[in-house]
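let's see this in three dimensions:
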Amino acid sequence: MKGLISTIVAILTGLIVLLGYFFKIPLLLEVRSWILDWAVILAAMAVFIGVINLFMVNQSRFRSKQKGGLYSLILIISLAVTLLIGLIFKLNHPVMIFIFNSIQLPVERSLMALLAITLLLASIRLLRRKISFFPVVFLATAVLILLGTAPLPFGELPFFSNMIRPLIAQVFAAAGARGILIGVALATLTTGLRILFAADRPYGGK
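Okay, the predicted model is just below:
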């Protein structure tokens, strides 16, 4: 009975939201807006619960003196300080902008740089095991992007910076990213339809 009720609620909710995009009926639009508002509230509560869980896990790791406990303490302090400053000064305050530009943005750039180097080393190791077409293309692309982006001791290479890198980034990489996004959209649509017709029941039931 519980699974049946959750299935009915999920199907009706999905139908109301879906029909609200095709039929401009005032009552239907109002109900759809109410459902979407509740969805946003539930998503925010899920993020809040996730933050609390992150805090509890890391403080437990620090108190039990597990490996990496110092990093857990740094994470807890950073989380608390950032949350407190955000609640006091709000998002558009110069203090929050300074924190983002001085801490968050450099950390993200460093992680992206580490990711690029890691992928490059992984492709080199793959070539050492077996030489095939796609690893060679990947390695050559990574080298060309690095030559056109990274600062070199003898100066920039105009041909790579002005022609090769924009061609790879704006044509080939953009086309691949759009293809991935189209695939994600189609998969999301298929999953939504399967849930709508009760073929899949992640909300409960069999």
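
make it CA atoms for all contacts and neighbour counts henceforth
Noted.

output the contacting helices and strands for the longest helix along the chain.
The residue-count maximum for a helix in the chain (DSSP state H) belongs to helix 26-63. Contacts defined by 3 or more C-alpha pairs under 8 Å, 6 or more residues apart in numbering; DSSP states H and E place helix 26-63 against helix 2-20, helix 69-89.

got a list of contacts for stretch 87-103?
Residues outside stretch 87-103 that contact it (C-alpha atoms under 8 Å, 6 or more residues apart in numbering): 85-86.

re earlier: what inclination does the longest helix of the chain have with respect to helix 2-20?
120 degrees (axes from the mean of the first three to the mean of the last three C-alpha atoms, to 10 degrees).

show me what the mean pLDDT comes to for stretch 53-71.
Average pLDDT, stretch 53-71: 83.

outside of that stretch itself, list whatever touches it.
72-73, 75-76.

span of it from start to end?
16 Å (C-alpha to C-alpha, to the nearest Å).

can you give the distance of the least confident helix or strand in the chain by mean pLDDT from its chain's centre?
When the helices and strands of the chain are scored by mean pLDDT, DSSP states H and E, helix 158-159 comes last with a mean of 70. Per C-alpha atoms, centre = their mean, to the nearest Å, the displacement of helix 158-159 from the mean C-alpha position of its chain is 33 Å.

endpoints of stretch 158-173, how far apart?
Terminal-residue distance, stretch 158-173 (C-alpha to C-alpha): 20 Å.

closest to residue 195 out of the helices and strands packed on helix 26-63?
helix 2-20 (7.4 Å; C-alpha to C-alpha).

list phi and psi for residue 99.
Backbone dihedrals for residue 99, given as degrees, to the nearest 10, come out at phi -60, psi -40.

check the burial of it by counting its neighbours.
Residues within reach of residue 99, counting by other C-alpha atoms under 10 Å, total 13.

so what pLDDT did it get?
83.

and what of residue 46?
91.

that one: neighbouring residues, count only.
With other C-alpha under 10 Å as criterion, residue 46 counts 12.

give the next helix or strand downstream of the least confident helix or strand of the chain.
Using DSSP states H and E, the next helix or strand after helix 158-159 towards the C-terminus is helix 165-167.
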